[in-house]
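K.L.:
below: sequence and its predicted model.
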Amino acid sequence: MDAHPRAGFAAELARRRAEAGLSLADVAAAAHVARGYVHHIEHGHRWPSPAVARALDTALGAGGALAATWAVADATVAPAPADPDEFERFERALANPRRTDDAVVEHLRRMLAEQRRAEDALGPRRLLPPVLAQIEVIANLARNARGPVRRELLEVASHHDQFAAWMAQDSMNPVGATAHYDRAMEAAQEIGDDNMITSVLSLKSHLAWSVGDAGRAVGLAQAGARNPGQVSDAVLALLAQQEARGHALEGDADTTERALDLSVALTYAAATHPEDAPPWVYFNGPDRLAFQRGVAYVELGRHGDAIPLLADALDALDGGYHRDRARYTTMLALAHAGAGEADAAVEHAKRGAELATRTGSALAARELRRVRTTLREAGADGPLAALTEHLHTLTTVS
């Protein structure tokens, strides 16, 4: 294990825990993860997410040093070398779809995982075209497959359509998003994938919220919670967040708080058994709860309460999430604008506009328009003019 680039993090975690005189159970409880999970991390059998690495850092009072060790190790691990046989299998399947096997399906899964991570940094503009092309390839393979392989292809097809739908939604293309969500739902229903079925309802709720349809946002989220079945806590946590946003849009503060509290409980429960979460919810964790509450408070008009939550969430956001940083920054700008803090709103809006331009996030651009409207209604002509002049230099934000 010593030659592996990630061994340094595992050794540093074990060293700091020993020096602090803490047991595995002590660290696990403080980081809100399972004891066995910490054991596996220390022995190199599991690699934690950024959120878990930061939670372990906090639990051990490492002041960011342990998280920095994780980041270096994570960045220096080279991807597994390409397997020529795997590519040959994939090419043969493209030429003759009936030759599709488990290796081909696994190849598609790995490509999607890499594209999800790339989209976090690049945004939807660059990633959507290749994903759409892959969807058509998978659909053709599935049409010609039978038995267990067809089931696996439908699973990976639903994952691709869910990803494409999210990118379309982030590009403010609700028609395209809905079409892909429907395709993901159909495949998930055929194979009985409760996690994906519920996730689609959650994401459709998010889409309804993004266009201001509060009733549909609440209704879709409640539909997802009606028959949880074998749904993971991680998926149910996101569903509760979406219901909270819908209630906030309706102005129902009490129900919003109850939904947010449920999301907190489910998020921490999910963190204790991360192996149960489906791959598409990799980004969510306790460190994102402040942002979700902040968004709900903005919708409720509690801008002053939202500002520290959104600021803390922005500070804690992993550096690789450039698209999300655009959304966090513009939402913080909106909170400042709503609180009557025009200069702070413009400062954050300018940075958010640059990030939105770089990643192509139309959802972030939407928040920028809301910032301008709020400043205009408040009569903040000077800051509004400064922001407008800045936005004129950014061709993709209108």
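P.N.:
Noted; the coordinates are in hand.

K.L.:
show me what counts as buried in stretch 359-372.
P.N.:
Judged by neighbour count using 16 or more other C-beta atoms under 10 Å, the buried positions of stretch 359-372 are 359-368, 370-372. C-betas here are computed from N, CA, C, even on glycine.

K.L.:
so what pLDDT did Leu260 get?
P.N.:
Per-residue pLDDT puts Leu260 at 96.

K.L.:
ok, the buried residues of stretch 359-372 vs Arg110, which is closest?
P.N.:
Among the buried residues of stretch 359-372, Thr359 lies closest to Arg110 (C-beta to C-beta), at 23.4 Å.

K.L.:
element containing the closest residue to Leu132 other than its chain neighbours, please.
P.N.:
Nearest residue to Leu132, sequence neighbours excluded (C-beta to C-beta, 6 or more residues apart in numbering): Ala164, at 6.1 Å. Ala164 is part of helix 147-170, with elements assigned from DSSP states H and E.

K.L.:
could I get the average pLDDT for that helix?
P.N.:
Along helix 147-170, the predicted local confidence has a mean pLDDT of 92.

K.L.:
again with stretch 384-398
P.N.:
Mean predicted confidence for stretch 384-398 is 72.

K.L.:
about what we covered before: just send the buried residues of stretch 359-372 back as TSV, with distance to Asn144, pLDDT and secondary structure too.
P.N.:
As requested, the buried residues of stretch 359-372 are exported to TSV (distance: C-beta to C-beta, whole Å; pLDDT from 0 to 100; DSSP: H, G, I helix; E, B strand; the rest coil):
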residue	distance to Asn144	pLDDT	secondary structure
Thr359	37	85	helix
Gly360	35	83	coil
Ser361	37	86	coil
Ala362	36	86	helix
Leu363	37	87	helix
Ala364	41	89	helix
Ala365	41	88	helix
Arg366	41	89	helix
Glu367	44	91	helix
Leu368	46	92	helix
Arg370	48	93	helix
Val371	50	94	helix
Arg372	51	93	helix
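
K.L.:
in JSON lines, list those along with distance to Thr256.
P.N.:
Output for the buried residues of stretch 359-372, formatted as JSON lines (distance: C-beta to C-beta, whole Å):
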{"residue": "Thr359", "distance to Thr256": "29"}
{"residue": "Gly360", "distance to Thr256": "30"}
{"residue": "Ser361", "distance to Thr256": "25"}
{"residue": "Ala362", "distance to Thr256": "25"}
{"residue": "Leu363", "distance to Thr256": "20"}
{"residue": "Ala364", "distance to Thr256": "23"}
{"residue": "Ala365", "distance to Thr256": "25"}
{"residue": "Arg366", "distance to Thr256": "21"}
{"residue": "Glu367", "distance to Thr256": "19"}
{"residue": "Leu368", "distance to Thr256": "24"}
{"residue": "Arg370", "distance to Thr256": "19"}
{"residue": "Val371", "distance to Thr256": "22"}
{"residue": "Arg372", "distance to Thr256": "26"}
